[in-house]
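K.L.:
Sharing a model prediction with you, sequence too.
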Amino acid sequence: MPINNFDSWCDKNQPIIVSQDGGKNSPKHTAINAAEPPAYVTQYKIDGVILKNETCCDFLVINEETRIAYLIELKGHGIEKAVDQLESTEKKLSKQLENYDLRFRIIAKRFPKPARETTKFKKFCHNRKNKVIHRSGGYLEEEI
């Protein structure tokens, strides 16, 4: 477990890990632990639990066996703010996550084309190669 003094929000071999703030219609990320047997996974609530009163993303989900860590930001809108939150979390947790391959997820209710065309967003994606996935519609499901 990379985050010292914090317990994972999911069971060690949990098959489905859901990250969601707010009600049932709020943006949601679903991670499918498809390994057989299920891999060792961890989930942490970053905003307000691990980092308090700071700019940060909402969740961190880690596949401890593949050493891949997913920083997850859930937005109604405000994509540029999502970039700030992911970058800030990446920096603040760099020591704890230094042995992990970082992936970045932005799940938004709306993700208008002008937001995807900003220099800030393009630079964020370019600097992280193929490690950023963004979705509109408020939902992303993926195997981890």
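P.N.:
Sure thing, it's come through.

K.L.:
can you give me phi and psi for Cys125?
P.N.:
phi -70, psi -40 (degrees, to the nearest 10).

K.L.:
thought it was touching Thr118?
P.N.:
No. Using CB atoms under 8 Å, Cys125 is not in contact with Thr118, being 10.6 Å away. From N, CA and C alone the C-beta is placed, and that goes for glycine too.

K.L.:
Lowest-scoring secondary structure element of the chain by mean pLDDT?
P.N.:
Least confident helix or strand of the chain, by mean pLDDT, DSSP states H and E, is helix 113-116 with a mean of 78.

K.L.:
could you say what helices and strands that one packs with?
P.N.:
Applying 3 or more CB pairs under 8 Å, 6 or more residues apart in numbering; DSSP states H and E, we find helix 113-116 packed against helix 79-92.

K.L.:
what's downstream of the helix it packs on, the next helix or strand?
P.N.:
Scanning forward in sequence from helix 79-92 by DSSP states H and E, the next helix or strand is strand 101-108.

K.L.:
before we move on, back to that, between Cys125 and Thr118, who's got more neighbours?
P.N.:
More crowded of Cys125 and Thr118, by other CB atoms under 10 Å: Cys125, with 18 against 13.

K.L.:
How about that one: what's its closest non-neighbour residue?
P.N.:
Nearest non-adjacent residue to Cys125, counting by CB to CB, 6 or more residues apart in numbering: Val132, 4.7 Å away.

K.L.:
Show me what that neighbour bridges to in the sheet.
P.N.:
Phe104 (DSSP bridges).

K.L.:
For stretch 128-142, what is the distance to the chain centroid?
P.N.:
Relative to its chain's centre, stretch 128-142 lies at 9 Å (CA atoms, centre = their mean, to the nearest Å).
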